[in-house]
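Enquirer: have a look at this fold, sequence not included:
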């Protein structure tokens, strides 16, 4: 028997899945139209989230990760390893911990790929059911984030492509800047309702639009870009 | 309504925007740009309040944060009430309603004032410590009357409808104060490209530039301020915050800025574009460098009756005239010890009103402003001071006399001058408060007769607070500091070209604080030091006489500096008086320590949006919506909302719980167990780590098996428990208590990172990743069998304490055969996104078994019947595994001395009469004992009496047909069969038999089927 | 409000992200069963609690979840250094030396 | 000693208050005293007072580095209660409570002990279990107390939000009617004046810089005003106890932390009792001057700076606004910090030490003020007899070796 057990947790057949915000979205009304909103929120549900642990000083480990994922392992706090086309990112969480996000349903394959390449002391843990990703966009996102986290989100300190973990309201979140006015939050399932409600409340003064579904999401993104351009 | 004191021209008010307001029920008019104080003065309102102790009439003294008297109740409606608003800092808006906080029936005709003037002499400092003692029984009555006199404004009777928030800011340079030094500093720093925040507490930025008589680059000083502000507005990295007070300066350059966003508009925050606006916002600023440009506060002179309305500090007179076009009287006497205050007389004179005299404490006043006064033929009386004011509700005259400052005596004839306004200036105290917040002691400087800030890393004082109050010096000081601060934060700042300002020649100021009177201080009419608290010079003298010699003692004995102005006006004078009485210098007497806030801050602003649902996160499981839909009542456990019970129809909690219990014991029930902490453990040393962490042994746990474990701290006391499963040889899945999850993970990291880094193991929380559903009861297997075809559920192949991977309702699952109820039980774990599907599938198939959802209360009853503990309920940080009778869970022979083991052999943990877990069976089988009831050994109650333990859990068991309880009892394991007693608050004494804590299925047959 | 340099994240972070964990370099007796009651009690409860330089353990709870040490003045609250677990402090109090305490 | 009374006040008014005597002398240190009490806070002054009054030991000095009552005595929220869970703690605090009840008369100094009742709120089922447990224990120890339901709470404090809309709705409370508040400065001054009248020397601005020993016996203290000899030295220095212990050559199971408090601006009285909540962590009373006196939590790090972190203040005011939404528009005037010496079991140390003749009274954490007269009383008896007073005996340092802790953390519900 293997030393570790990997398990595909996604059902083969048709099973209704619920994101951590399923309950909350039903409870919270949309606050503003996408045109007047200066903050747009969109959940990217059901992505594959994996925690990778290992020794960054071990060249074999680094090489193994790169072979498995086609992305270099970030070796310091901040810069994300990101392939937007493939929807894969690796974020430094700690000197021996990384957050790997892959497209929905690919977590098993990603874990298998890693396990296939790695030896020695390492760990891969699937946490896909335990967290979700929120995309925030629009010209007032930075100001909104300033209300939520004590971390400095100024562009000089938080360039595009950076990701950190910090306090968020009275919980914590992974905060990533993926575009000029486009940010991602990775939040825990059980805190999702609290954080989401908090964000909507804090964003009220800017006007906030909650996008759902792929079409609305892209509309939101376009609106955000427009607004961001105007704001400049 | 006439504004008899308003000038026809000048000032920074907008005469095109008249605003109506109400004060003490009377309607008045002011203009946009007024403060409430300037508008009241414009309308000739003399008495704005009554003093706290003596109920003396009081008028406006100052024009800013140092104002002690003009404290009003604001608000047109009940919910909008704000107590203790300082009229000098409240912008006027249309419809403003304000009233005096003291005075009965009103401030003009105040009956308390009679008591104050008659009784005042019996109320020296500390009088209440000396009386109201006999008879002791009357003290509550005395106190009731003392409390009647307490307080200034009143609390609104309704909840606050407004909202507040916080914003976290980071900057390279924070400039506090937008006067000349602050503006120069901000400009210099900002031009470097550094991130700059400039804040100022006033409605309009510019500070002393707004009422200066001096020219900057040949234009009014305010024009230069406007130009600087205009440039700052174009710089993208600059944030300018007016109406924003730096109220607290904390460690490592963390400064809180209190921004009042709507208080200048209305008493309730108006909405904007249909959206709520925050009334106030706290900016939590982390600054690389702080430039303190807080200026100075003018000290009034302390003389007899210096509190009669019509007494102002000299600078305030200039401010009201030049900034608000209000001359607060007709005939002015200025009493000063310095040149700068001459501005008040010059401004008064230039406004066309009479300056009766300038009384200058110095023998030979000499300087540019003195010359200007002479040029206007204003009478200057040298070597003298106002020693007493006359008048009741308004100054009617002053007594002026030649004084001997060194000898502290009147040195000549007393002359009476008729006037209605007295402006005084004893000098300028740097506003060192913020710097003092960080713990830096202010330092005295003889040359400026004031304390300057002590050293704070990363802080530079500039301008007045730095002892450089003259405009020309302040500008240079600020610009240099701004450049230097930007450079220290890594920016190159081009030098700022200083504007042209003429140097004003000033004579040396005299050190005058309390003015001597012809009578000794104890007998002279009251000389007020801190008018808000009615602290007088005589009071300070009395305090020192009684041995209160430290300045802190003086403050506390007299109440000096404890008002809402926190001694901004009076503290230095008070110290000077104490120093005189103690025959010391001021620096020997010391300064008091200033604490945040600089000026009072609304509770709501400090709380921000963190109340109600945002006070603390609520955590939900993936099944929460289902629970809500099915009528669950919830219990909160460590932020998690857990179903407590599921009442049907009109069921009481008791009825629901009895039904749920029966369902589990007789058929099958289901619990949402998702809140249990879950930790994934991987690594070749995982087993060894578990061996060290848990009290029991883990070396031999096979893959596919689970084991219960107990965790102690190193003091031997139980901290958590749970079941851990061996997923693969080097791979474990740990569960913890719901409330303990985070603490356990941190605990594991602590030991791994600091004590045993050589162990190759990694941990991660998977609490939220897995949803857990526990089906319990004799029909659990049948139910599960309907939803899985790839797990062999037979008793021989899937034993108690085994786990299996498979598919449940089409969803990949891990199924743990573990039980917290003593029944046949399967805990189904699936990825949380799929939980609702599986849960509903269970109910679809479970209907025929009467599948019953149950909550924590039923779980508690069922586990208690089995004698299973709840950490935190049966334990309180003082229970060892042995106290809990869980020796079976202690690996005494494990080679490594696991966490907590050594402590179990300490003298006290070895005692045999420690409290031990037992069961209690009430002699009355229907009686559910109170949880928390104390246990005694005798039926006869005598107080005090020795207690031997208490009830930790108590329920009625429908299965057993009687009530039962768990308890901890001293030497309990030796008391089986003994009757103990439980005295109740109502006098009843219950009796119970000590029994085993395992009430049901002691042999464990049911969970092994 | 402390501003703390996390030696793992390699930047200053706000105090809210951290949790103080008391005195650093407290060594658990290597052979607990051989330790006297005094030694065990001292290890559990007795602390230097200096007025001045303090080597203390911090936890970057809302950040990288790593423990690290700080040398901080308990009067001025100035942090003179932070360093990883297993490293020794480079700043130690002059008179009231903590020599040999680091592990 | 000049007797204080209402009549005396009138008499002095007629002579313009020019004839009041000093409340205490400012003496020159003697070369030797029978007992030196290090620390002129409430506990130290009470110790000296009771040494003189109850044990006839008047050749006593109180050595204080700053000003009398200038430490935690001057910086606390003045709450007095005795509803502790464990017998040992309850007896000690109840001993103090009984002394509080006659203290103004005993000292001829009005310490304004106001028995307006102390309410400890419960917000969870476990809170309520703990409250029942504690109140039952108090009752059997002869300490007043009852458990209140929501309706009773609302009657006593009608302005508190007892609805279901708060984040942690109130479920019940414990209520000790004899609890209340006192005027903190007056306590120090009253004891100082009383002790002075009995011959005790109050040596202010005198800092202890060392503890002189011969072998394992104390000889006296080195101070900034020279060496002062004594056979018995009692150290009562709260947050600075660790520093003094180090001088004597041993460690204590104590860590010193910042503990913050704050007051609002003075307002017309609206809250006539003391409300405490451990769960949301805020406690509040309104002083006779009208300010809301609010206690904040302990900061987790060690600190002697008499200041703590702003986030602690934020959380405290969130709790207060949560309990009293109408206080949202009230304004905070001033905050400050004390240095609290905390023991691992949240109970004090009143104990002999490894050094003969040297005794320590410390580790009161957040519970010091309410114990002031009781602490001084049993410590005086301990110093006088050279062995622990029976009420002090369980609070020996040895308990941290034997494991016999008196853990008031979890079960007492509140630590303040």
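Expert: Yes, it's here. The structure displayed is predicted, hence computed values, not measured ones. Residues are numbered from 1 along each chain as shown, chains lettered A, B, ... in the order given.
Enquirer: now residue 4, what's its secondary structure?
Expert: Since you didn't name a chain, this refers to chain A. Here residue A:4 is coil, with the state taken from DSSP: H, G, I helix; E, B strand; the rest coil.
Enquirer: ok, residue B:27 to residue B:96 distance?
Expert: 11 Å (Cβ to Cβ, to the nearest Å). In this view, the C-beta of every residue, glycine as well, is placed from N, C-alpha and C.
Enquirer: typed the wrong thing, it's residue B:723
Expert: Distance from residue B:723 to residue B:96, by Cβ to Cβ: 66 Å.
Enquirer: per-residue confidence at residue 104?
Expert: As the question left the chain open, I've gone with chain A. Per-residue pLDDT puts residue A:104 at 95.
Enquirer: wrong one, chain B
Expert: 73.
Enquirer: near chain D, which residues of the stretch 51-200 of chain B?
Expert: Within the stretch 51-200 of chain B, the positions lying close to chain D (Cβ under 8 Å from any Cβ of the partner chain) are B:52, B:81-84, B:121-122, B:124, B:127-134, B:136, B:139-140, B:143, B:146-148, B:150-160, B:162, B:164, B:166.
Enquirer: buried subset of the residues you listed?
Expert: Among those, the ones that count as buried by 16 or more other Cβ atoms under 10 Å in any protein chain shown are B:52, B:81-84, B:121, B:124, B:127-133, B:139, B:143, B:146-147, B:150-156, B:159-160, B:162, B:164, B:166.
Enquirer: which of these fall in helices?
Expert: Taking DSSP state H, the ones among these that sit in helices are B:127, B:128, B:129, B:130, B:139, B:143, B:146, B:147.
Enquirer: distance of the residue nearest to the fifth one when sequence neighbours are not counted from residue D:5?
Expert: Computed as Cβ to Cβ, 6 or more residues apart in numbering or on different chains, the closest residue to residue B:139 that is not its neighbour in sequence is residue B:132, at 6.1 Å. When distances are taken as Cβ to Cβ, residue B:132 and residue D:5 turn out to be 10 Å apart.
Enquirer: is any residue of the top strand by length along chain A near chain D?
Expert: For chain A, the strand that runs over the most residues, judged by DSSP state E, is strand A:171-179. No. Contact between strand A:171-179 and chain D is absent, the nearest approach being 14.1 Å (criterion: Cβ under 8 Å from any Cβ).
Enquirer: any bit of that strand sitting next to chain B?
Expert: Yes. Looking at strand A:171-179 against chain B by Cβ under 8 Å from any Cβ, the contacts come from residue A:171.
Enquirer: list the pairing partners of that strand within its sheet, with orientation.
Expert: strand A:162-168 (antiparallel), strand A:182-188 (antiparallel) (DSSP bridges).
Enquirer: chain center to that strand, what's the gap?
Expert: How far strand A:171-179 lies from its chain's middle: 7 Å, per Cα atoms, centre = their mean, to the nearest Å.
Enquirer: quick check: mean pLDDT across that strand?
Expert: Mean pLDDT, computed over strand A:171-179, is 97.
Enquirer: next: stretch B:537-549.
Expert: 96.
Enquirer: how far does it sit from its chain's centre?
Expert: The chain centroid and the centroid of stretch B:537-549 are separated by 34 Å, computed with Cα atoms, centre = their mean.
Enquirer: what does it rub up against?
Expert: With Cβ atoms under 8 Å, 6 or more residues apart in numbering or on different chains as the test, stretch B:537-549 has contacts from B:124-126, B:302, B:514, B:521-522, B:524, B:526-529, B:553-554, B:556-558, B:560, B:574, B:577-578, B:581-582, D:17-18, D:20-26, D:67, D:204.
Enquirer: give me the neighbour count for the residue in chain A positioned nearest to chain B.
Expert: In chain A, the residue that lies nearest chain B is residue A:130 (3.3 Å; Cβ to the nearest Cβ). Residue A:130 has 27 neighbouring residues, counting by other Cβ atoms under 10 Å in any protein chain shown.
Enquirer: and residue B:504, by the same measure?
Expert: Burial of residue B:504 is recorded as 15 neighbouring residues (other Cβ under 10 Å).
Enquirer: now it: which helix or strand?
Expert: Counting by DSSP states H and E, no helix or strand carries residue B:504.
Enquirer: next up, phi/psi of the closest residue to it other than its chain neighbours, please.
Expert: Spatial nearest neighbour of residue B:504, chain neighbours left out: residue B:368 (5.1 Å); criterion: Cβ to Cβ, 6+ apart. Backbone torsions of residue B:368, given as degrees, to the nearest 10, read phi -60, psi -50.
Enquirer: ditto for residue D:51
Expert: Phi and psi for residue D:51, reported as degrees, to the nearest 10, are phi -60, psi -50.
Enquirer: so it sits against residue D:60, correct?
Expert: Yes. With contacts counted by Cβ atoms under 8 Å, residue D:51 reaches residue D:60, the gap being 5.4 Å.
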